[in-house]
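>>> Here is my input, please return the structure:
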Amino acid sequence: MAKSKEKKKRKAPEEEEMGREVDMGEISDAIDVKIKVIDENPEQKTAPVIGYFPSGYDPLKNSGEPDSEIESNSSVKIYRSTTARNPKNPRMQVVVGAGGSEVNFVGTNYSGEATTPQICQYGLGVLDKETRILRIVPIAGNRIFKLVPRIASVEQSDKELPEEVTEEATKSDRAKQTTKMYSTKKNIKKDEKMDTLYTLRQTDEPGMEGDTDMKLKGVKVNTEAIESAPVGTNDRNIPPYNMEATVVEMAYPLDGIILNGEWDYLVDIFELAQAGHKVTPDAYPRFVCNRFHKLEKAEDDWNKRKIAGILSYITHLIKFKDKHSMDGVSSSKNHKFPSILLQKFSSMFDISSKKRIPEQKQNLLISYILVLCLFIDDFKSDPSDIAKDLRMDPLSLRTHYTYLGCKLAREKTVVMATLKVPLKFDIIKRKKRGR
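Predicted coordinates:
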């Protein structure tokens, strides 16, 4: 046992010496360099172009062989638009011709992979070991060109399309895709209707465009029905509603107020309830604190999550209103908004450069809060505590309930707001225009 320990002790210094030798090697390879960043100047010099071949093609595979004809037959061409609106970032196209083949490798900075959002700046570094200077230069168009194989005949047919037409089509497709991903259901339906109308117009036979106008002239317009028609959602400045609903839960559809992707960010109250904690008035509104006990009475886990999510959404709306008001900014100082809701609220309620909510949008925000409160109170709500959260007089808040289609009735000493179906709004008649 003593000998084995001595062997281990002898090995330890050897390992230390080896470790030191490695460290000394690493230090000897390290050099101090000066970094020099060169700004792009397209008028004097062209920035380097960087591209890659996703297909695995290697243009220099046989370049070292004496009989290789790659250097003589291969070609690299760079096309740049001279009429670009932004001279610093013009439309560019790189074409690499493979020797002895009809296949060209083409990459652009305005289509395909290059259209994805750019979140960084690319640069090319060149180190001169003798002068110890690292020069960093920007690359052309700040894009790495994806060189995709194309057959020359097919490429020629693509060039027959005017450049302006392809650019407009690309922009239109991008706008439609963005609308489908991030816009409201109303805007998506509007775009679908416009596409349908455009398709119908394209399918009309030449010379028959005037038939539609002739048909419309023969249609009789019921002016009385138009004047007495109930106003839409935007005119009433309230959440999306359904006039034909026969169930009170569908009068103001919940999925039109809280979108499917937003429920994942409304779990704070549910997690507090699961952990056995309670909400406190310093972090949550009075309405939420007074309704927290409803989570214990929930029939199942799904209803419990639903009630907790609505209470959390009410909290974010009230804190958002406080954040952009003079008298409530202190209560929202430490409140954390999910980024998805903060962006939605800022867009929906039209936050101006002065960080204040316009009066019309403020009424819309109050309507959203009151509708969600009705969901929590089984569509029969006492406005007293929510009036304190909104810093409003209960009498003025009754007007908002009436505007939402609620009926007010006194029960003992409390005035209750009850939502009934079908919804009945006051009909607003439009004034006739003078001819």
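>>> Dihedrals phi and psi, N334?
Per-residue torsions, N334: phi -100, psi 10 (degrees, to the nearest 10).
>>> cool, and Q360?
Torsion angles at Q360 (phi, psi; degrees, to the nearest 10) stand at phi -60, psi -40.
>>> Find the nearest non-adjacent residue to it, please.
N237 (6.2 Å; CB to CB, 6 or more residues apart in numbering). (Glycine included, C-beta is placed from N, CA and C.)
>>> give the contact list for that neighbour.
Residues near N237 by CB atoms under 8 Å, 6 or more residues apart in numbering: Q360, N363, L364, S367.
>>> Can you convert these into a markdown table and add a column each for secondary structure, distance to L259 and pLDDT?
Formatted as a markdown table, those follow (DSSP: H, G, I helix; E, B strand; the rest coil; distance: CB to CB, whole Å; pLDDT from 0 to 100):
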| residue | secondary structure | distance to L259 | pLDDT |
| --- | --- | --- | --- |
| Q360 | helix | 23 | 87 |
| N363 | helix | 22 | 91 |
| L364 | helix | 17 | 92 |
| S367 | helix | 17 | 94 |
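>>> ok, so of the residues you listed, who is nearest I31?
Nearest to I31 among the contacts of N237: L364, at 63.9 Å, using CB to CB.
>>> hang on, that closest one packs against F345?
No: the pair L364 / F345 is not scored as a contact, 10.8 Å apart, by CB atoms under 8 Å.
>>> So which of those two has more stuff around it?
Between L364 and F345, counted using other CB atoms under 10 Å, the more crowded position is F345 (22 against 19).
>>> where's that one relative to L370, distance?
F345 sits 16 Å away from L370, going by CB to CB, to the nearest Å.
>>> Contacts only, for I31.
I31 makes contacts with K129, R132, as judged by CB under 8 Å, 6+ apart.
>>> before we move on, back to that, tell me, what's the model's pLDDT at the residue nearest to Q360?
You'll see N237 listed with a pLDDT of 81.
>>> what's the answer for R132, then?
What the model reports as pLDDT for R132 is 87.
>>> so what's it closest to, chain neighbours aside?
Take R132 and drop its neighbours on the chain: the residue closest to it by CB to CB, 6+ apart is V33, 4.9 Å away.
>>> With K77 instead?
Ranked by CB to CB, 6+ apart and with sequence neighbours excluded, the top spatial neighbour of K77 is V95, at 4.5 Å.
>>> Could you list the alpha-carbon positions for the host helix or strand of that neighbour in PDB?
Using DSSP states H and E, V95 sits within strand 92-97. Taking C-alpha atoms only, strand 92-97 is exported to PDB below (Å, rounded to 0.1, in the frame of the first residue of the first chain):
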ATOM      1  CA  MET A  92     -27.900  42.300 -56.000                       C
ATOM      2  CA  GLN A  93     -27.600  38.900 -57.700                       C
ATOM      3  CA  VAL A  94     -24.600  36.600 -57.800                       C
ATOM      4  CA  VAL A  95     -24.300  33.900 -60.500                       C
ATOM      5  CA  VAL A  96     -21.600  31.200 -60.300                       C
ATOM      6  CA  GLY A  97     -21.200  29.200 -63.500                       C
END
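>>> what is the mean pLDDT for it?
Taken as a whole, strand 92-97 carries a mean pLDDT of 85.
>>> Could you list every helix and strand that the helix or strand just after that strand packs against?
Where DSSP H and E defines the elements, the next helix or strand beyond strand 92-97 is strand 103-108. Under the contact criterion of 3 or more CB pairs under 8 Å, 6 or more residues apart in numbering; DSSP states H and E, the helices and strands touching strand 103-108 comprise strand 92-97, strand 144-146, strand 148-151, helix 152-159.
>>> check contacts around the residue nearest to K77.
Contacts of V95 by CB under 8 Å, 6+ apart are S75, V76, K77, I78, Y79, N104, F105, V106.
>>> same deal with P394?
Shown in contact with P394 (CB under 8 Å, 6+ apart): P383, S384, A387, V415.
>>> how far away is the second one from V414?
This means S384. 7 Å.
>>> Between the two, which is the more surrounded one?
Using other CB under 10 Å as the criterion, S384 and V414 rank with S384 on top: 14 against 10.
>>> which residue packs closest to the more buried one, ignoring adjacent ones?
Leaving aside its sequence neighbours, S384 sits nearest to P394 (CB to CB, 6+ apart; 6.0 Å).
>>> So what does that neighbour have for phi and psi?
Dihedral angles (degrees, to the nearest 10) for P394: phi -60, psi -30.
>>> K424 contacts L404, correct?
No: if you go by CB under 8 Å, K424 and L404 don't touch, sitting 11.0 Å apart.
>>> More neighbours: the two, which one.
More crowded of K424 and L404, by other CB under 10 Å: L404, with 22 against 11.
>>> Check that one and give its pLDDT.
pLDDT, L404: 92.
>>> Identify the residues contacting Q121.
Counted by CB under 8 Å, 6+ apart, Q121 has contacts P138, N142.
>>> Show the model's pLDDT score for it.
Predicted confidence (pLDDT) for Q121: 78.
>>> Doesn't it lie inside a strand?
No: using DSSP: H, G, I helix; E, B strand; the rest coil, the secondary structure at Q121 is coil, not a strand.
>>> what are the phi and psi values for it?
The phi and psi values for Q121, taken as degrees, to the nearest 10, are phi -110, psi 130.
>>> any idea how far M92 is from it?
If you go by CB to CB, the gap between Q121 and M92 works out to 17 Å.
>>> same check, this time on V329
Distance, V329 to M92, using CB to CB: 49 Å.
>>> More neighbours: those two, which one.
Per other CB under 10 Å, whichever of V329 and M92 has more neighbours is M92, with 20 against 12.
>>> Which strand residues bridge that one?
Taking DSSP bridges as the rule, M92 bridges to R80.
>>> in terms of contact, does it touch S111 like I think?
No: counting by CB under 8 Å, M92 does not reach S111; the two are 11.1 Å apart.
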